[in-house]
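Enquirer: Structure for the following, please:
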Amino acid sequence: MCKILIALSTFNRKNITTLCLENLKEIVDNDGKSKLVIYDDASTNYSEKFLKQFSNNVLRFRVSGGIERSRARAFRDFVHVYKNFDLFYMTDNDTIHDPNFLDVLRDLYETSSKKFDKKLPIGLYNSKFHNYSKNIVFENNILSIRKTCPGVSQCFDRDMIKKMLVFINENPEYETLYGFDYHWPSSLNVPFLQTQTSYLEHFARDKKEKGLHSTLTEDDPKIDFERDRALQPSLYLQKIRDKIINKIL
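Expert: Residues are numbered from 1 along each chain as shown. Next up, the predicted model:
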């Protein structure tokens, strides 16, 4: 069974962060087959002690440096610190995951590795905002092959992470240009394998705090919730969505 490292980037937005961490804490395996590591970008709305309620593995930066630094540090830690893990999964603190998402990742990676000439990175978030036709290479009712995949749900194996780190080290400008969402995985020269069912929901913001994917012209949280909502969410996510929104607000 593949061991999965979950790298979660956090910055403020305490309501959704709490819900996200409660959700992930319940999902992470107790048998050591998965581990949650929190990379906090010097949040001012909560402390390291708050984060350690949900994981003993917290790296809290002293000064805010943006999500790119958080992602890059997580990549390097996967290679140099968490050497006994097979898959690296990254996500953000404004997400809620289906309890089965780790099993889906393992099954999809192991199955696809046998069916494709090259191993492909995996995404579990079929997003309304990212679902444009030019991005889709192939699709059926279950899976799609896509040129890019939302950075809020990307999974790579160890060889992929090492290759992207070479790209980052050789092109340091992309470590500070929001490169993780597109430029870093593009260096692999392979598309993403993405599920048509969404195994996470992305809420984009907190009650008053906007996030990177919030609208710039509106101040209605529900507009943000709709803008980037999941397509074909799992039954669990369908049932819990309204409850999560109410707790955020």
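Enquirer: Give me the residue at the spatial middle of the protein.
Expert: residue 91 (2.0 Å; C-alpha atoms, centre = their mean).
Enquirer: Surely it is in contact with residue 150?
Expert: No: between residue 91 and residue 150 there is no contact under C-beta atoms under 8 Å: 9.8 Å. To be clear about C-beta, it is placed using only N, CA and C from the backbone, and glycine gets the same treatment.
Enquirer: rewinding a little: let's verify the residue nearest to the centre of the chain: helix, strand, or coil?
Expert: strand (DSSP: H, G, I helix; E, B strand; the rest coil).
Enquirer: In contact with it, which residues?
Expert: Taking C-beta atoms under 8 Å, 6 or more residues apart in numbering, we find residue 91 in contact with 6-9, 97, 152-153, 200.
Enquirer: at 7 Å instead, please
Expert: Contacts for residue 91 (C-beta atoms under 7 Å, 6 or more residues apart in numbering) come out as 8, 152-153, 200.
Enquirer: Kindly report the same for residue 105.
Expert: 4, 87, 89, 122, 124, 155.
Enquirer: So the first one versus residue 210, what's the distance?
Expert: Spelled out, it's residue 4. Residue 4 sits 30 Å away from residue 210 when distances are taken as C-beta to C-beta, to the nearest Å.
Enquirer: So which of those two has more stuff around it?
Expert: Ranked by neighbour count (other C-beta atoms under 10 Å), residue 4 and residue 210 place residue 4 first, with 22 against 16.
Enquirer: Test my guess that the more buried one contacts residue 82.
Expert: No: at 10.3 Å, residue 4 and residue 82 do not qualify as touching, with contact defined as C-beta atoms under 7 Å.
Enquirer: give me the number of residues near residue 78?
Expert: Residue 78, neighbours per other C-beta under 10 Å, totals 22.
Enquirer: The closest residue to it other than its chain neighbours: which element?
Expert: Spatial nearest neighbour of residue 78, excluding adjacent residues (C-beta to C-beta, 6 or more residues apart in numbering): residue 88 at 4.7 Å. Applying DSSP states H and E as the criterion places residue 88 in strand 87-92.
Enquirer: Alpha carbons only: can I get that strand in PDB?
Expert: Presented in PDB, the C-alpha positions along strand 87-92 are these (Å, rounded to 0.1, in the frame of the first residue of the first chain):
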ATOM      1  CA  LEU A  87       3.100   9.800  -2.800                       C
ATOM      2  CA  PHE A  88       2.900  13.500  -2.100                       C
ATOM      3  CA  TYR A  89      -0.500  15.100  -2.000                       C
ATOM      4  CA  MET A  90      -0.900  18.900  -1.600                       C
ATOM      5  CA  THR A  91      -4.000  20.900  -0.700                       C
ATOM      6  CA  ASP A  92      -5.100  24.100   1.000                       C
END
